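A.B. asks: quick one: sequence and predicted model below, then my questions.
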Amino acid sequence: MDHIKIGKKLKFFIFSDRVGSGLPLWLPRGTILRKNLENFLTDIQKKSGYEMIITPHIGHKKLYVISGHWNKYGKDSFKPIQTPHSEEEFLLKPMNCPHHCEIYRSQEWSYRDLPKRFAEFGTVYRYEQSGELHGLTRVRGFTQDDAHIFCTYDQLLEELKKVINLFFHVFRRLGFLEYTVRVSLRDPKKINNYIGSEKNWKKAEKAILLAVKEEKIESTIHYGEAAFYGPKLDFLIKDSLGRNWQLGTIQVDYNLPERFDLYYRGKNNEKHRPVMIHRAPFGSLERIIAILIEHTKGNLPLWMVPNQVVILPISDKYIVYAKKILNLMLNYNIRVFIDKRNEKIDKKIRDSEENKIPYMIILGEKEVITQTISLRKHGLGHIGILSISNGINTIFKEIN
């Protein structure tokens, strides 16, 4: 089933002609889903030595002239924004890397400080043709799980291997167990399509190929698929329908550090250029959510789903008991709510199943008297009558 239909049915996101094509609006449930994915990756990144940063949604045109992005993509970008009282021109941010270069450039670094790993969930804007737009997979405004690593040449190989293993860990946790790796290099017949020296390109390509070899990763080489500033590794995952989707990408870049005049002080106290690694395991939050929705048919993992539990009192007489259960579950940070609608219990259960809520707690007179809960699981039906503590622990353990 298409992610657009599932997303609309589950009230994750909408599109509005008044806002603009390719610009999704995230509803409360979809916002929770996004935040869960952000928190999941942020936790992994913090344990891996990344520091979170935030950059603006716009940038001065000269920033992208320096980086080379304006010359490469300017004609296909949104038109520059002019300020009311000057000749300054700004762009809707088309990528995060120039901003991250400026953060690195804001202070002096020693070799002892490296590697520096800056990460951001940065929203970028690119003008896709209207005929190419499709749901969350092709949009004009999307949020990248972007990070840039600034390291020494001697650290490059180890950093690449760490990023590769971080990617595989993320894919496994999301339930994508089949994936392929593509090494994307320059087209040797179209060298003029790329920026940077031949020496830097050879060093970057050598590092990527060596990392793949040392990690014993099966891969294929694709010429002409490199970024204009450096070679890259592209990761394609296979979903439940057997379709391949490109998710994460890792790029090695010697060129932007030169263009932005980035350096660090070496052991000899002289200036040295850092190497820059671009990486994004999701690619974008919009794209990964679209793929996850279709991969799971909307039956998202318990830790990720916006509403984990719904409490269904058979009548209003049991609302007080329902609130007691609710408060106990909230103490465990379980996302739970009470369905207080004046509907028969069969309809409440049916609606909860259609909304793909993983757990349902049915409360009636018997449960109140015995201080228990009747637990149901989406797609499986009745699990059993459990004590309150056993019921909460069952759900909490699965979340963890």
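C.D. replies: Looks like it came in fine.
A.B. asks: mind jotting down where the helices sit in the stretch 51-200 of the chain?
C.D. replies: Per DSSP state H, counting those that start in this stretch, the stretch 51-200 of the chain carries helices over the ranges 61-67, 69-73, 97-105, 153-173, 198-214.
A.B. asks: roughly how far is the second one from the heart of the chain?
C.D. replies: Distance, stretch centre to chain centre, for helix 69-73: 25 Å (C-alpha atoms, centre = their mean, to the nearest Å).
A.B. asks: for the longest one, same thing?
C.D. replies: On the basis of C-alpha atoms, centre = their mean, helix 153-173 sits 16 Å off its chain's mean C-alpha point.
A.B. asks: give me the angle between that helix and helix 198-214.
C.D. replies: 50 degrees (axes from the mean of the first three to the mean of the last three C-alpha atoms, to 10 degrees).
A.B. asks: which parts of stretch 81-95 are buried?
C.D. replies: The neighbour-count check on stretch 81-95 (16 or more other C-beta atoms under 10 Å) flags 90-95 as buried. Just so you know, the C-beta spots here come from the backbone N, C-alpha and C atoms, and that holds for glycine as well.
A.B. asks: correct me, but residue 188 touches residue 226?
C.D. replies: No: using C-beta atoms under 8 Å, residue 188 makes no contact with residue 226, being 10.9 Å away.
A.B. asks: quick check: the farthest pair among the buried residues of stretch 81-95?
C.D. replies: Farthest apart among the buried residues of stretch 81-95 by C-beta to C-beta are 90 and 95. That separation is 14.6 Å.
A.B. asks: just the C-alpha atoms of stretch 254-262, please, in PDB.
C.D. replies: Output of stretch 254-262 as PDB, limited to C-alpha atoms (Å, rounded to 0.1, in the frame of the first residue of the first chain):
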ATOM      1  CA  TYR A 254      39.200  17.000   0.100                       C
ATOM      2  CA  ASN A 255      37.700  20.000  -1.900                       C
ATOM      3  CA  LEU A 256      35.400  21.900   0.400                       C
ATOM      4  CA  PRO A 257      38.200  22.200   3.100                       C
ATOM      5  CA  GLU A 258      40.300  23.900   0.400                       C
ATOM      6  CA  ARG A 259      37.500  26.100  -0.800                       C
ATOM      7  CA  PHE A 260      36.700  27.300   2.800                       C
ATOM      8  CA  ASP A 261      40.400  27.500   3.800                       C
ATOM      9  CA  LEU A 262      39.900  25.100   6.700                       C
END
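A.B. asks: go through that stretch and flag the buried ones.
C.D. replies: Neighbour counts over stretch 254-262 (16+ other C-beta under 10 Å) mark 254-260, 262 as buried.
A.B. asks: off-centre distance for stretch 202-221?
C.D. replies: On C-alpha atoms, centre = their mean, the centre of stretch 202-221 falls 24 Å from that of its chain.
A.B. asks: which one is residue 205 nearest to, not counting chain neighbours?
C.D. replies: Spatial nearest neighbour of residue 205, excluding adjacent residues (C-beta to C-beta, 6 or more residues apart in numbering): residue 231 at 4.8 Å.
A.B. asks: where's that neighbour relative to residue 202, distance?
C.D. replies: Per C-beta to C-beta, to the nearest Å, residue 231 is found 10 Å from residue 202.
A.B. asks: who has more neighbours out of these two?
C.D. replies: Ranked by neighbour count (other C-beta atoms under 10 Å), residue 231 and residue 202 place residue 231 first, with 25 against 12.
A.B. asks: does the more buried one really touch residue 204, like I thought?
C.D. replies: Yes: with contacts defined as C-beta under 8 Å, residue 231 counts as touching residue 204 at a distance of 5.3 Å.
A.B. asks: and for those two, which residues touch both?
C.D. replies: Residues touching both residue 231 and residue 204 (C-beta atoms under 8 Å, 6 or more residues apart in numbering): residue 252.
A.B. asks: for the stretch 151-300 of the chain, what spans make up the strands?
C.D. replies: Under the criterion DSSP state E, counting those that start in this stretch, strands of the stretch 151-300 of the chain are mapped to 179-185, 219-223, 232-238, 244-253, 264-265, 271-272, 275-280.
A.B. asks: out of those strands, nearest to residue 101?
C.D. replies: With C-beta to C-beta as the criterion, residue 101 lies closest to strand 275-280 of these, at 7.6 Å.
A.B. asks: so what does that closest one touch, helix or strand wise?
C.D. replies: Here strand 275-280 touches helix 97-105, strand 141-151, helix 153-173, strand 244-253, helix 255-259, going by 3 or more C-beta pairs under 8 Å, 6 or more residues apart in numbering; DSSP states H and E.
A.B. asks: which of those is buried the deepest?
C.D. replies: Ranked by average neighbour count under the criterion mean count of other C-beta atoms under 10 Å, these are headed by strand 141-151 at a mean of 23.
A.B. asks: partners of that one, with directions?
C.D. replies: Paired neighbours of strand 141-151 in the sheet (DSSP bridges): strand 116-125 (antiparallel), strand 275-280 (antiparallel).
A.B. asks: my guess is residue 54 meets residue 118, correct?
C.D. replies: No: the criterion here is C-beta under 8 Å, and residue 54 misses it with residue 118 at 10.4 Å.
A.B. asks: neighbour-wise, which of these two wins?
C.D. replies: Taking other C-beta under 10 Å, residue 54 and residue 118 do not tie; residue 118 has more neighbours (20 against 9).
A.B. asks: so what's that one bridging to?
C.D. replies: Here residue 118 sits in beta bridges with residue 51, residue 148, going by DSSP bridges.
A.B. asks: tell me which helix or strand in this protein has the weakest average pLDDT.
C.D. replies: helix 69-73 (a mean of 84; mean pLDDT, DSSP states H and E).
A.B. asks: dump it to PDB, keeping only the CA atoms.
C.D. replies: Only the C-alpha atoms of helix 69-73 are listed here, as PDB (Å, rounded to 0.1, in the frame of the first residue of the first chain):
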ATOM      1  CA  HIS A  69      27.000  24.500  -5.300                       C
ATOM      2  CA  TRP A  70      25.700  27.700  -6.900                       C
ATOM      3  CA  ASN A  71      27.700  27.100 -10.100                       C
ATOM      4  CA  LYS A  72      26.700  23.400 -10.200                       C
ATOM      5  CA  TYR A  73      23.000  23.700  -9.200                       C
END
